[in-house]
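# need a structure here:
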Amino acid sequence: MTQPIGTSSRPLVPAPGAPTPELRIARVRPHARRLFWSVLVLLAVAGAVGYFYGNLPAPFENWMLLTAAAVIVFLLVLLPFLAWWSRTYVITTRRVIERHGVFVRRRRELSHVRGYSIGVRRGVLQRMWGAGTLTLSNGVDEPLRLRNIPHVALVHEALVDQVEVNQILAHRDAQTVTPTGDPGIPPRPPAPAAPA
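I've put the predicted structure just below:
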């Protein structure tokens, strides 16, 4: 992902000192392949309930079958889905935000301006699915791990671009502005003192 190119083939950047809105670049969740076993359990439970409903031996009743199926679906299908669904990673033009938690939401942020190193780890299964784990470390805080991200190469490129653009903008805005208002023209030297 790169910045849009203007007519002068330079990235479009705001004027020095102008406020820049924070825009969302991407919102990703961990790869959904971890829900494979939950889908198999759901299919097996649905097939078993369909087969055994009304055909149970004498001491068992249909409500027992439905209760057991509901408990299995809750524990092995719904809870893993909620755990997967509740973890999101948002990449904006200013920061990376990690949110997770079903009942208690936790949030961590890492600013692009401070800069950070990006480590990529891809296992065999992750390479097969185009996924990977990104580790963002600024050397001060605990590293932020974006686990099992789909399209990890594209997300890595977007993060590198945002760090570069934010550091260029921060450096440009940090340069001192002279009293004349033009940073390219140095201020006039003071006039010599009149002889006494």
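
# Tell me the buried residues in the lowest-mean-pLDDT helix or strand in the chain?
In the chain, no helix or strand scores lower on mean pLDDT, DSSP states H and E than helix 152-174, which sits at a mean of 88. Neighbour counts over helix 152-174 (16 or more other C-beta atoms under 10 Å) mark 152, 155-156, 158-159, 161-163, 165-166, 169 as buried. In this view, the C-beta of every residue, glycine as well, is placed from N, C-alpha and C.

# likewise stretch 103-122?
For stretch 103-122, a neighbour-count test (16+ other C-beta under 10 Å) marks 110, 112, 116, 122 as buried.

# next one: stretch 96-104
By neighbour count on 16+ other C-beta under 10 Å, the buried set for stretch 96-104 is 96-98, 100.

# swap in stretch 134-145?
134, 136, 144-145.

# Out of those, list just those in strands.
Those of the buried residues of stretch 134-145 mapping onto strands are 134, 136, 144-145, per DSSP state E.

# would a markdown table of these with distance to Val90 be doable?
Shown next, in a markdown table, are these (distance: C-beta to C-beta, whole Å):
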| residue | distance to Val90 |
| --- | --- |
| Leu134 | 14 |
| Leu136 | 13 |
| Leu144 | 12 |
| Arg145 | 15 |
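
# can I get those in a markdown table with pLDDT and distance to Tyr53?
Output for those, formatted as a markdown table (pLDDT from 0 to 100; distance: C-beta to C-beta, whole Å):
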| residue | pLDDT | distance to Tyr53 |
| --- | --- | --- |
| Leu134 | 95 | 47 |
| Leu136 | 95 | 51 |
| Leu144 | 94 | 48 |
| Arg145 | 94 | 45 |
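
# Leaving out chain neighbours, which residue sits closest to Leu146?
Nearest non-adjacent residue to Leu146, counting by C-beta to C-beta, 6 or more residues apart in numbering: Leu134, 4.3 Å away.

# Show me the two of the buried residues of stretch 103-122 that sit farthest apart.
Spatially, the most separated pair among the buried residues of stretch 103-122 is His112 and Arg122, at 23.2 Å (C-beta to C-beta).

# which one of the buried residues of stretch 103-122 is nearest Val41?
Distance to Val41 across the buried residues of stretch 103-122 (C-beta to C-beta) is lowest for Arg122, with 27.5 Å.

# who are the neighbours in contact with the residue nearest to the closest one when sequence neighbours are not counted?
Spatial nearest neighbour of Arg122, excluding adjacent residues (C-beta to C-beta, 6+ apart): Gly132 at 4.0 Å. Counting by C-beta atoms under 8 Å, 6 or more residues apart in numbering, Gly132 makes contact with 120-122, 126, 148-149, 152-153.

# Can you tell me the SS state at Gly132?
strand (DSSP: H, G, I helix; E, B strand; the rest coil).

# mean confidence for stretch 77-97?
For stretch 77-97, mean pLDDT is 94.

# Please spell out which residues along that stretch are buried.
So for stretch 77-97, counting by 16+ other C-beta under 10 Å, buried means 77, 81, 84, 87, 89-97.

# Other residues contacting the helix or strand harbouring Leu40?
Using DSSP states H and E, Leu40 sits within helix 36-52. Helix 36-52 is contacted by residues 65-66, 69, 72-73, 76-77, 80-81 when judged by C-beta under 8 Å, 6+ apart.
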